[in-house]
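Undergrad: okay, sequence plus prediction incoming.
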Amino acid sequence: MRSEAASRRKVVLYNPKAVFFTMPLGLLAVGSHLDPERYEVVIVDARLEEDPVATLLTHLPDALCLGITVLTGAPIRDAIHASRAAKRARPDLPVVWGGWHPSLFGTECFEEPSVDVTVQAQGEETFAEILARLEAGESLEGCAGCTYRARDGGVQRNPGRIFSNVGGFRPHDYALLPVERYFALKGRRQIDYVSSQGCHFRCAFCADPFVFGRSWAGLDPVRMGEEIELLWKRHRFDDVNFQDETFFTHADRVEGIAREFVDRKLPITWAATMRADQGDRLPEESFALCRRSGLRRVIIGVEAGSQEMMDRIRKDIRREQVFRSAEKCLRHGIHVNFPFILCFPGETEASIRASLDTARELRAMSPTFETPLFYFKPYPGTPLTAEAVAAGYVLPQTLEQWADFDFYRSESPWLTPEREALIERYRFYQKFGYDVPRGLLRPLQSLARWRCERRAFGFPIERALANVFFPPQALS
Ligand code: B12
Ligand code: SF4
């Protein structure tokens, strides 16, 4: 028998700073899949630490490896900072980057000298194999799913790893996370959980098809029922926020999950992503079952208002399906978040107005329907970005430039000041006008609705007043 702590090797995982407090499920996935008899996993989440790098450094002296999860954008800067600090403290320590940015730019990340390995797509098996090879002092030659800096300094890209069914991975071990701290920072007892990976669809603005090759795999409902019940007994959360890309991929799986929650009498609510075509196909009884099991909100990406633009972005949904799903959700008391993306490359004025009008129609159906408006950003790994590049758009070239690629900032070559003014006014008046009627504000809300219907946004006095009384929240 193995003598515990003495033989276990420490693996340190780092989550860069971000402005939301979703649990770091990518790190939880790769950390949980490692054999607990062989490895002690430590997750350092920069969002929870006053001085994240100082905390990180305390764990490094006896570490076998440092793994960092890297999203495109601002997290890159913190990932670089942490990697450099780690290398200064332990020049021999292998630093592995995984997650979305290294999945898209596996080779380019090596511009940063402190990066030794990048992992593409699913990390569970690849990371376990990397660690086994590091322990054995072997090279990473032929280790599927990763790119590495070879001994001669050159960068070697291995073939991709075949997509695995997530049901074959070990359950996520939430004991690796200070769950109560996330609850406190979120301001509610909400657990994040991911029940599937990938997506079968091909939306032209989304990197998922590029990273997972349109594969999808989901956990079995009984396993989920058991895991979530066990987690609930430990942490007494009241809400599960599913972080899946397309939770409602198979109706029978979703029904099974809902039945598990009902049969186990779990006193929880839950929220997940649903495509409009999936909602349209899902029988009324299934909606009712989901509602009974606690479904409180779905996110249905609409993205565009005209069928022409929906087709151009390969959404593969019909406009009618959005409204039919909306009606079903309304009938069953399920809240909906319908995100839109505005100002796609070459998008016409008429197309933008069609999106704003569709957002308004949905918002007008219920104050429980939200219609967040995003500006198109050419996120890497997508056909629309490739088109934009072919038409002359210059993507960031260095890691530093990718770190400045901030989705909160609205400027883009496809956004004129007039368009931005129109969209921002729409954003405000829609949210305010169609919100739950609020006492003395009712006349102003009627005026806001009138403005949206007629697109009459001159003299935005209500907006000025609202900015004084309810200043917009700073995001970063
Ligand atoms: C939660 C979430 C967030 C959280 C981040 C949580 C955190 N870690 O701090 C918040 C809310 C901050 C966020 C913000 C944004 N996000 Co986000 N987000 C997600 C979401 C819904 C879930 C992530 C998750 O937990 N997945 C579950 C885990 C298990 O999967 P995973 O993270 O991919 O991890 C696997 C592999 O990537 C790999 N891996 C991951 N990390 C590591 C580390 C190591 C060492 C190794 C070896 C492997 C490895 O192994 C894991 C297991 O297979 C994903 C969609 C999705 N379902 O993945 C989008 C997603 C990651 N977000 C995306 C985008 C576009 C954004 C935003 C721009 C806004 C938006 N429209 O959502 C912003 C800005 C990000 C930024 N620059 O700051 C894109 C990807 C963008 C990109 N290229 O990085 C995704 C894929 C959604 C999409 N389809 O477009 N997001
Ligand atoms: S946007 Fe959603 S449905 Fe479309 S490819 Fe991406 S994950 Fe799939």
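TA: That came through fine. Ligands and ions are numbered 1, 2, ... in the order given.

Undergrad: please count neighbours and contacts with C-alpha atoms only from this point.
TA: Fine.

Undergrad: look at residue 27 and give its secondary structure.
TA: When classified by DSSP: H, G, I helix; E, B strand; the rest coil, residue 27 comes out as helix.

Undergrad: so, low pLDDT: which residues of the stretch 351-476 of the chain?
TA: Residue ranges of the stretch 351-476 of the chain with pLDDT under 70: 408, 469-476.

Undergrad: where along the stretch 1-150 of the chain do the strands fall?
TA: Ranges of strands in the stretch 1-150 of the chain, per DSSP state E, counting those that start in this stretch, are 9-15, 39-45, 63-69, 95-98, 117-119, 146-149.

Undergrad: do the stretch 251-400 of the chain as well
TA: Secondary structure of the stretch 251-400 of the chain (DSSP E, counting those that start in this stretch): strands located at 269-273, 295-299, 335-337, 340-342, 369-370, 373-375.

Undergrad: now those as TSV including mean neighbour count and distance to residue 146?
TA: Shown next, in TSV, are those (neighbours: other Cα atoms under 10 Å; distance: least, Cα to Cα, whole Å):
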stretch	mean neighbour count	distance to residue 146
strand 269-273	21	29
strand 295-299	22	33
strand 335-337	22	36
strand 340-342	22	33
strand 369-370	24	40
strand 373-375	19	33
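
Undergrad: closest to residue 84 out of these?
TA: Judged by Cα to Cα, the one of these that comes nearest to residue 84 is strand 373-375, at 33.3 Å.

Undergrad: ok, that closest one near ligand 2 or not?
TA: No - Strand 373-375 lies apart from ligand 2 when judged by Cα under 6 Å from any ligand atom; the minimum separation is 13.4 Å.

Undergrad: who does that strand pair up with?
TA: Sheet pairing for strand 373-375, assigned by DSSP bridges, gives strand 340-342 (parallel).

Undergrad: which residues touch residue 108?
TA: Contact analysis of residue 108 by Cα atoms under 8 Å, 6 or more residues apart in numbering lists residue 399.

Undergrad: state the distance from it to residue 149.
TA: 12 Å (Cα to Cα, to the nearest Å).

Undergrad: on that earlier part again, just name the most buried of the strands of the stretch 1-150 of the chain.
TA: Among those, ranked by average contacts under mean count of other Cα atoms under 10 Å, first place goes to strand 117-119 (a mean of 29).

Undergrad: pLDDT of that strand, averaged?
TA: Strand 117-119 carries an average pLDDT of 98.

Undergrad: next one: that strand to chain centre, how far?
TA: Here strand 117-119 is found 20 Å from its chain centre; the criterion is Cα atoms, centre = their mean, to the nearest Å.

Undergrad: try stretch 85-95
TA: Computed by Cα atoms, centre = their mean, the chain-centroid distance of stretch 85-95 equals 29 Å.

Undergrad: same question for stretch 53-66.
TA: Its chain's C-alpha centre and that of stretch 53-66 lie 27 Å apart, by Cα atoms, centre = their mean.

Undergrad: need the contact partners of it.
TA: 9-14, 42, 44, 46, 49, 82, 85-86, 89-90, 93-96, 131, 134-135.

Undergrad: so which of the residues you listed also contact ligand 1?
TA: The overlap between the contacts of stretch 53-66 and the neighbours of ligand 1 (Cα under 6 Å from any ligand atom) comes to residue 96.

Undergrad: show me which residues of stretch 404-416 are buried.
TA: The neighbour-count check on stretch 404-416 (16 or more other Cα atoms under 10 Å) flags 404, 405, 407, 414, 415 as buried.

Undergrad: what is the nearest of those residues to residue 464?
TA: Distances from residue 464 to those, taken as Cα to Cα, are shortest for residue 415 (23.2 Å).

Undergrad: quick one: contacts for that closest one?
TA: Taking Cα under 8 Å, 6+ apart, we find residue 415 in contact with residue 343.

Undergrad: ok, now how distant is it from ligand 1?
TA: From residue 415 across to ligand 1, the span is 17 Å (Cα to the nearest ligand atom, to the nearest Å).

Undergrad: next one: that residue from ligand 2, what distance?
TA: From residue 415 to ligand 2 the distance is 22 Å (Cα to the nearest ligand atom).

Undergrad: could I get the pLDDT score of the residue nearest to the spatial centre of the chain?
TA: Nearest to the geometric centre of the chain sits residue 243, at 6.6 Å (Cα atoms, centre = their mean). On the pLDDT scale, residue 243 is placed at 98.

Undergrad: that one and residue 192 touch, don't they?
TA: Yes - in this structure, residue 243 is within contact of residue 192 by Cα atoms under 8 Å, at 6.7 Å.

Undergrad: which ones are touching the residue lying closest to residue 42 once chain neighbours are set aside?
TA: For residue 42, ignoring the flanking residues on the chain, the nearest one in space by Cα to Cα, 6 or more residues apart in numbering is residue 12 at 4.9 Å. By Cα under 8 Å, 6+ apart, the residues touching residue 12 are 41, 42, 43, 44, 59, 60, 63, 64, 65, 66, 67.

Undergrad: about what we covered before: how close does the residue nearest to the centre of the chain get to residue 157?
TA: 30 Å.

Undergrad: ditto for residue 259
TA: Distance from residue 259 to residue 157, counting by Cα to Cα: 45 Å.

Undergrad: ditto for residue 185
TA: Here the criterion is Cα to Cα. By it, residue 185 lies 39 Å from residue 157.

Undergrad: ok, residue 244 next?
TA: Distance of residue 244 to residue 157, computed by Cα to Cα: 28 Å.

Undergrad: okay, the two: which has more neighbours?
TA: Shown here are residue 244 and residue 157; by other Cα atoms under 10 Å, residue 157 has more neighbours (22 against 19).
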